[in-house]
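Participant: mind looking at a prediction? Sequence and model below.
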Amino acid sequence: MKIHKLKKINLAQFYIQLVTAILFAYLSIRDADIVKMLIAVLLVSQWSLGFWRHKIVRRRIKRW
């Protein structure tokens, strides 16, 4: 039961990070601030790396 709750928390955190990265990217593009755009690119790339890590971990857990 604890593993199921942990999965829900992990998934919620995962999508909160995506929404935050997209919102920050939108605001930085709207403000036309180069530094903010660079940070937004880093945030989105971090999320995409986390997405691939999440998929790999899910596959490994399913094999057990």
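Facilitator: Here it is on my side, so go on.
Participant: which non-adjacent residue is nearest Leu18?
Facilitator: The spatial neighbour of Leu18 that comes closest, neighbours along the chain excluded (CB to CB, 6 or more residues apart in numbering), is Trp47 at 5.2 Å. In short, each C-beta sits where N, CA and C put it, glycine included.
Participant: residue contacts, that neighbour?
Facilitator: Contact analysis of Trp47 by CB atoms under 8 Å, 6 or more residues apart in numbering lists Gln17, Leu18, Ala21.
Participant: likewise for Thr20?
Facilitator: For Thr20, the contact set (CB under 8 Å, 6+ apart) comprises Leu43.
Participant: shaky segments in the protein?
Facilitator: Segments of the chain classed as low confidence (criterion: pLDDT under 70) are 1-3, 63-64.
Participant: nearest the middle, which residue of it would you pick?
Facilitator: Ranked by distance to the mean C-alpha position of the chain (CA atoms, centre = their mean), the top residue is Trp47 at 3.3 Å.
Participant: name the element that one belongs to?
Facilitator: Using DSSP states H and E, Trp47 sits in helix 34-63.
Participant: can you check Phe14 too?
Facilitator: Here Phe14 is covered by helix 2-31, with elements defined by DSSP H and E.
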